[in-house]
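# Sequence first, then the predicted structure, then my questions.
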Amino acid sequence: MHFLAHQFVQREEKSPEFAFGLMLPDFVPGFTKIYNRTISKTPSDSDLYKGIQCHFSDDKQFHSNVAFEKLNRELTHQLVASGLSRTELRLSFIAHLLVEMLFDRWLAEKHSGLADKFYNHLEQLNIPSVHLYFDSMNLEHEKNLSLERRRWFLEHRFLYQLHNSEQMAMGVGRIYARSTGRVITKNEQFRIIESINSFYAQPIVWQALLIR
């Protein structure tokens, strides 16, 4: 799941600390390893920990949804049809990222205040509670990185740009380069943008991704 989808699924009003925990696995590169190595072995009553746990639980259900798997396959085929090479790029990985982001686009279109709520939570976060939580596990680097990512998200507010396919392709390119070390070329980015527009124009039942 992507940021707005996680927030939408948790429909009851939650604290900013819970919301930040819900964001953390997507905020911090390599967070799953940190979680498995340290965080999962240090249970806590804090809202931050509860949010982290909820993120992984939601992801598990979302990624096993047959509708999600079907859209991944279809978008992978769309990327191939646009001229992108399976031998040059991990197209299934790119499709996975794009389906999640396009689902957020759809949610933002249907629920206009969703992005506002996301950024309000970031603004209202109790910073001392973040220090206290990470310091209890001696995770200084991860703490600093999570707070730096919070600053970046508040500065750029890219979730308001989900309607912009070029911005979406650039975001996927950043994640892809960080994850694989391979930079997506301008020509490949153009083909990804074409695929995004063609795919999102299709009559897709995005609501099916919420079936749990």
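Now that the structure is in, tell me what you want to look at.
# Mind pulling the model confidence for residue 212?
pLDDT, residue 212: 65.
# let me redo that: residue 35
Value for residue 35, per-residue pLDDT: 96.
# contacts for the lengthiest helix in the chain?
Assignment by DSSP state H gives helix 91-110 as the longest helix of the chain. Outside helix 91-110, the residues that touch it by Cβ atoms under 8 Å, 6 or more residues apart in numbering are 1-5, 8, 68, 71-73, 75-76, 78-80, 84, 114-115, 159, 162-163, 168, 171-172, 175-176, 179-180, 192, 195-196, 199-200, 206, 209. In short, each C-beta sits where N, CA and C put it, glycine included.
# The host helix or strand of residue 199 to helix 91-110, inter-axis angle?
Following DSSP states H and E, one finds residue 199 within helix 186-200. Inter-element angle recorded for helix 186-200 and helix 91-110: 50 degrees (by axes from the mean of the first three to the mean of the last three Cα atoms, to 10 degrees).
# List the buried residues for the helix or strand hosting residue 116?
Assessed by DSSP H and E, residue 116 sits inside helix 114-124. Residues of helix 114-124 classed as buried by neighbour count (16 or more other Cβ atoms under 10 Å): 114-115, 118, 121-122.
# And for stretch 72-82?
72, 75-76, 78-79, 82.
# Let me have these in JSON lines, extended by secondary structure and distance to residue 138.
Converted to JSON lines, these look like this (DSSP: H, G, I helix; E, B strand; the rest coil; distance: Cβ to Cβ, whole Å):
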{"residue": "72", "secondary structure": "helix", "distance to residue 138": "38"}
{"residue": "75", "secondary structure": "helix", "distance to residue 138": "41"}
{"residue": "76", "secondary structure": "helix", "distance to residue 138": "41"}
{"residue": "78", "secondary structure": "helix", "distance to residue 138": "45"}
{"residue": "79", "secondary structure": "helix", "distance to residue 138": "42"}
{"residue": "82", "secondary structure": "coil", "distance to residue 138": "47"}
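# mind putting the residues you listed in a markdown table, distance to residue 144 included?
Below are these laid out as a markdown table (distance: Cβ to Cβ, whole Å):
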| residue | distance to residue 144 |
| --- | --- |
| 72 | 34 |
| 75 | 35 |
| 76 | 36 |
| 78 | 39 |
| 79 | 36 |
| 82 | 39 |
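# show me the contacts for residue 140.
So residue 140 contacts residue 134 (Cβ under 8 Å, 6+ apart).
# quick one, what contacts the residue lying closest to residue 145 once chain neighbours are set aside?
Once flanking residues are discounted, residue 145 sits nearest to residue 28: 5.4 Å by Cβ to Cβ, 6 or more residues apart in numbering. When the contact criterion is Cβ under 8 Å, 6+ apart, the partners of residue 28 are 34, 142, 145-146, 149.
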